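Novice: this is a predicted model, with the sequence first.
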Amino acid sequence: MAATAGMASAQDRRQNAPGEFDFYVLSLSWSPSFCAQAAERGNNRRSQQAQCGGRPFSFVVHGLWPQYERGFPEYCQRSAEWLDRKIMTSMLDLMPAPGLIFNEWKKHGTCSGLRARAYFETLRKARAAIKIPDEFLQLSQPKTIAPGELEEAFVKVNPGMSSSAVSVTCDSKRLSEVRICLSKNLQFRACEEIDRHACRRDKVLMPPVRGG
């Protein structure tokens, strides 16, 4: 998880024991921001080509991250099973970069206590439980929005979600991700730790979906 290095330092006593965690964070990345950042850096790696050179994407899954109430586990099984290419391929509709899928399994999936197939099935169920507000699915023009307004849009279309279960992250100017906290059985739940590291800007830019 890329929230902040400081979160990892306040570690839990269970320290990276597979399956020993409190809740999940489903991280949804705003793909147009990712692609704009990659273009500015002149980054043309295969992962960028996969996400930014094909069909247009709006929100894509960055990952499903096991969390402690404070801090998070990572790389819980150094000798983890190699991820079957068929499993990787099956996830490209949600996570359009093979390298991302492999990395998420090693860094976060191994901490779930699940085998790879079950972990990615859980990730798919978590994503299916979230409705993306319609206005963001085919955003055709740049949009400037307050982080709180973006959170409210998600709360409005997802029954049972409260503002304490969702947070927004950003870079110096753009929306980066929407992070949604879920219990182990994928119900919305509050997560103060995640909210403490949310975007503090008054407004963030959402670049439009390519081709819009």
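Specialist: Nice, I can see it.
Novice: Three-state assignment for the most centrally placed residue in the chain, please.
Specialist: In the chain, the residue lying closest to the centroid (C-alpha atoms, centre = their mean) is S27, at 1.7 Å. Classification of S27 by DSSP: H, G, I helix; E, B strand; the rest coil places it in strand.
Novice: list the residues that contact it.
Specialist: Neighbouring residues of S27 by C-beta atoms under 8 Å, 6 or more residues apart in numbering: 1, 61-65, 177-179. Quick note: C-beta positions are derived from backbone N, CA and C, even for glycine.
Novice: any idea how far V166 is from it?
Specialist: Separation of S27 from V166 (C-beta to C-beta, to the nearest Å) stands at 11 Å.
Novice: bridged to the residue nearest to the centre of the chain, which residues?
Specialist: Beta bridges link S27 to G63, R179, judged by DSSP bridges.
Novice: tell me the contacts of the spatially closest residue to A129 that is not a sequence neighbour?
Specialist: Sequence neighbours aside, L186 is the residue nearest to A129 in space, at 5.6 Å (criterion: C-beta to C-beta, 6 or more residues apart in numbering). Counting by C-beta under 8 Å, 6+ apart, L186 makes contact with 24, 122, 125-126, 129.
Novice: return the subset of those residues lying in helices.
Specialist: 122, 125-126 (DSSP state H).
Novice: buried only: go through those residues for me.
Specialist: Burial by neighbour count, judged by 16 or more other C-beta atoms under 10 Å, picks out 122, 126 from these.
Novice: list just the nearest of the ones in helices among the contacts of L186 to L94.
Specialist: L94 has its nearest neighbour among those in A126, at 10.0 Å by C-beta to C-beta.
Novice: quick one: which of the contacts of L186 is nearest L100?
Specialist: Closest to L100, out of all of the contacts of L186 and judged by C-beta to C-beta, is A126, at 16.0 Å.
Novice: strands along the protein, start to end?
Specialist: Listed in chain order, the strands of the chain (DSSP state E) span 23-30, 59-67, 143-145, 166-170, 175-182, 204-206.
Novice: give me the mean pLDDT for the first one.
Specialist: The pLDDT scores in strand 23-30 average 97.
Novice: one more: the second one?
Specialist: For strand 59-67, mean pLDDT rounds to 97.
Novice: just the last one next, same as before
Specialist: Summarised as a single mean, pLDDT over strand 204-206 is 97.
Novice: contacts made by that strand with the rest, please.
Specialist: Contacts for strand 204-206 (C-beta under 8 Å, 6+ apart): 30, 32-33, 136, 139, 142-147, 150, 168, 170, 173-175.
Novice: show me what contacts the closest residue to C76 other than its chain neighbours?
Specialist: Leaving aside its sequence neighbours, C76 sits nearest to C111 (C-beta to C-beta, 6+ apart; 4.0 Å). By C-beta under 8 Å, 6+ apart, the contact set of C111 is 16, 18-19, 21, 66, 72-76.
Novice: returning to that earlier point: make JSON lines out of the contacts of L186 and add distance to C199.
Specialist: Below are the contacts of L186 laid out as JSON lines (distance: C-beta to C-beta, whole Å):
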{"residue": "Y24", "distance to C199": "21"}
{"residue": "T122", "distance to C199": "27"}
{"residue": "K125", "distance to C199": "27"}
{"residue": "A126", "distance to C199": "22"}
{"residue": "A129", "distance to C199": "23"}
